[in-house]
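>>> predicted coordinates and the sequence they were generated for:
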Amino acid sequence: MPTESTYPISSVAYCNRAAILFHKHTECEPSILYYCALEIRCCIERILYEYIELSNINSSAPSKRKHTYRPKSLKQSILDIEPNFYNIQNFTNIIFQSLNLDLEIQAPDLDKLNKHYGIMGNYLHAPLSSTEQHVTKERLLRFKDQIKEALDYLISILEKNRAHPTLNDKGAHFFKLYCSGIFSQEAIRQNMSLALTP
């Protein structure tokens, strides 16, 4: 019987730990900020891992994320598995609307995740001297602002549902029409609603 982890490693768990710590300590204490940055980086890695698994769920091929942790590489893994990643995420909302489901998903901006990951990483190394920029008061205040910005974005992603549809022939047909850009989203939604009506 599997035992419960004492240190949960889901994206939500990483984000929650960073957010609780960040909001509990309002002063710019360097050790707290560094720990928040580390949790944020782990959160970003987990979000990308989770999207890889979600996109790869119907494949018998092993996930391409093994031994990979850098967001740039994880982003490429996602796009290798699902080249139409953004389109399929947006199309999923059309499916929900066609089924009259009160659900909505929001595709993460993979480049923005990579940017936040890099910013946090800029601080997670030993400074070469006590005068290096990221140990000054001004730099720590900037660090705090960057942590808040990253947390706000991560929370906005994690608050949304996540899904990756398996399309039958009819769904694949409508997805192709959606990707072509010839028809509006509303026209596709209406036609899908008619097609799904018994």
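Yep, that arrived.

>>> okay, CA-based contacts and neighbour counts for the rest of this
Fine.

>>> helices along this structure, start to end?
When secondary structure is read from DSSP state H, the chain shows helices at 11-24, 30-55, 71-81, 85-98, 110-123, 137-158, 169-180, 185-196.

>>> residue contacts, residue 48?
With contact taken as Cα atoms under 8 Å, 6 or more residues apart in numbering, residue 48 is in contact with 71, 74-75, 78.

>>> let's have those in JSON lines, adding neighbour count, distance to residue 142 and pLDDT.
Listed next are the contacts of residue 48 as JSON lines, based on neighbours: other Cα atoms under 10 Å; distance: Cα to Cα, whole Å; pLDDT from 0 to 100:
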{"residue": "71", "neighbour count": "24", "distance to residue 142": "23", "pLDDT": "70"}
{"residue": "74", "neighbour count": "24", "distance to residue 142": "28", "pLDDT": "82"}
{"residue": "75", "neighbour count": "21", "distance to residue 142": "27", "pLDDT": "83"}
{"residue": "78", "neighbour count": "25", "distance to residue 142": "32", "pLDDT": "84"}
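
>>> export those residues to a markdown table and tack on distance to residue 22?
Formatted as a markdown table, the entries for the contacts of residue 48 read as follows, by distance: Cα to Cα, whole Å:
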| residue | distance to residue 22 |
| --- | --- |
| 71 | 23 |
| 74 | 27 |
| 75 | 27 |
| 78 | 30 |
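
>>> the residues you listed: which two are farthest apart?
Across the contacts of residue 48, the two members that end up farthest from each other (Cα to Cα) are 71 and 78, 10.2 Å apart.

>>> okay, and for the protein, where does confidence drop off?
1-5, 56-69, 127-135, 196-198 (pLDDT under 70).

>>> separation between residue 170 and residue 42?
Taking Cα to Cα, to the nearest Å as the measure, residue 170 and residue 42 are separated by 39 Å.

>>> so for these two, which sits in the more crowded spot?
Set side by side, residue 170 and residue 42 show more neighbours around residue 42, with 20 against 12, by other Cα atoms under 10 Å.

>>> quick one: contacts for the closest residue in space to the more buried one that isn't next to it in sequence?
Spatial nearest neighbour of residue 42, chain neighbours left out: residue 14 (6.6 Å); criterion: Cα to Cα, 6 or more residues apart in numbering. Under the criterion of Cα under 8 Å, 6+ apart, the neighbours of residue 14 are 8, 39-40, 42-43.

>>> now, of those, which are buried?
Burial of these was assessed by neighbour count (16 or more other Cα atoms under 10 Å); the buried members are 39-40, 42-43.

>>> list the buried residues of stretch 74-85.
74-78, 81-82, 85.
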